[in-house]
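In: pasting the structure only:
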């Protein structure tokens with residue numbers, strides 16, 4: 001709380017709103033459990049088409065997307081989201097470590113790229129960085 005002249009300004013730091021998507025329900029559950037430590041996971045999805053629909057309807061601050069999902073993959077969703085404004089920050093979470101794939105994700109509009117094996121360590125840091133407009137890539 002701070003005082004400005006005769007007004008009180010209360011700084012209310014709400015949790016970031018997240019949509020998480022992964023076609024593997026077990027992995028999705030793990031990602032959500034990590035995200036819920038610090039964020040408000042407003043909706044989840046298990047395929048690309050429903051992921052895009054949910055993101056467009058719920059307007060989260062950050063979308064955490066699997067790279068490979070049926071329907072639309074994470075890169076295709078990122079490219080679609082780049083067409084809207086305001087758009088959520090995008091973090092790709094994948095088992096793929098190939099630097100060409102990481103580069104393709106960043107070029108598609110993702111600000112973060114997290115290796116699933118590093119999710120417990122890196123995911124929340126990547127989400128916070130992406131929400132600030134900063135890039136984050138897991139280190140091997």
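Out: Here it is on my side, so go on. Quick caveat, the model's predicted, so the values are computed rather than measured.

In: now the strands for the chain?
Out: 2-4, 7-9, 17-21, 40-45, 62-66, 89-94, 112-115, 136-137 (DSSP state E).

In: And the helices in this structure?
Out: In the chain, the helices defined using DSSP state H lie at 25-35, 48-58, 74-81, 99-108, 119-131.

In: Let me have the ones you listed in CSV, extended by distance to residue 17, mean pLDDT and mean neighbour count.
Out: Every residue, glycine included, has its C-beta placed from N, CA and C. Output for the helices of the chain, formatted as CSV (distance: least, C-beta to C-beta, whole Å; pLDDT from 0 to 100; neighbours: other C-beta atoms under 10 Å):
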stretch, distance to residue 17, mean pLDDT, mean neighbour count
helix 25-35, 11, 98, 16
helix 48-58, 7, 96, 18
helix 74-81, 15, 96, 21
helix 99-108, 22, 97, 15
helix 119-131, 10, 97, 20
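
In: and residue 87, which of those is closest to it?
Out: Nearest of the helices of the chain to residue 87, taken as C-beta to C-beta: helix 74-81 at 4.9 Å.

In: tell me the angle of the closest one relative to helix 99-108?
Out: Here helix 74-81 points in a direction 10 degrees away from that of helix 99-108 (axes from the mean of the first three to the mean of the last three C-alpha atoms, to 10 degrees).
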